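Enquirer: show me the folded form of this:
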Amino acid sequence: MKVIAAYMLAVLGGNTSPTADDVKKILGSVGAEVDNDRIELLLSQMKDKEINEVVASGREKLASVVPSGGAVAGVAPAAGNAGAADTASAEQKKEEKVEDEDEEEEDGDLGDIFGEGGLFGSDD
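Expert: From the prediction side, this is the model:
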């Protein structure tokens, strides 16, 4: 990814056809490791291509991907059960609020990370 990012930074800077040296210079300026094989692979794949066309093609491919997992679909309540659904929704929000407060309390105590005890407790 960093090789691609460096290549794109060069293009954004006005260089329409970055060379391996251009990419290496950008990577070196931020102290990133230079991987010559990856740079050469990217340059060979980008030969005779415009970055804007490659990005547009990638967007089209991503748009066709169907997301899976993790999403919860909501179902609209039937007209006769609207009151019950509102009550259930309110109870669910109340439970989420209580869980959020518990998480905040847990996040607040990080166990003296930078103090005398060190990251994993006492260094004694």
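Enquirer: can I get the host helix or strand of I39 in PDB? Just the C-alpha atoms.
Expert: Under DSSP states H and E, the secondary-structure element containing I39 is helix 36-46. Included here for helix 36-46 are C-alpha records, laid out as PDB according to Å, rounded to 0.1, in the frame of the first residue of the first chain:
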ATOM      1  CA  ASN A  36      12.300  -2.500  -5.200                       C
ATOM      2  CA  ASP A  37      10.300  -5.500  -6.400                       C
ATOM      3  CA  ARG A  38       7.000  -4.000  -5.400                       C
ATOM      4  CA  ILE A  39       7.900  -0.700  -7.000                       C
ATOM      5  CA  GLU A  40       8.800  -2.400 -10.300                       C
ATOM      6  CA  LEU A  41       5.600  -4.500 -10.200                       C
ATOM      7  CA  LEU A  42       3.500  -1.400  -9.700                       C
ATOM      8  CA  LEU A  43       5.300   0.500 -12.500                       C
ATOM      9  CA  SER A  44       4.900  -2.400 -14.900                       C
ATOM     10  CA  GLN A  45       1.200  -2.700 -14.100                       C
ATOM     11  CA  MET A  46       0.700   1.100 -14.500                       C
END
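Enquirer: which strands and helices sit next to it?
Expert: Where contact means 3 or more C-beta pairs under 8 Å, 6 or more residues apart in numbering; DSSP states H and E, helix 36-46 is packed against helix 2-12, helix 20-29. Glycine gets a C-beta too; all of them are placed from N, C-alpha and C.
Enquirer: packing partners for the shortest one?
Expert: Which is helix 20-29. Other elements packing on helix 20-29 under the criterion 3+ C-beta pairs under 8 Å, 6+ apart are helix 2-12, helix 36-46.
Enquirer: could you say which of those helices is packed most deeply?
Expert: Each of the helices and strands packed on helix 20-29 was scored by mean neighbour count; the highest is helix 2-12, a mean of 17, by mean count of other C-beta atoms under 10 Å.
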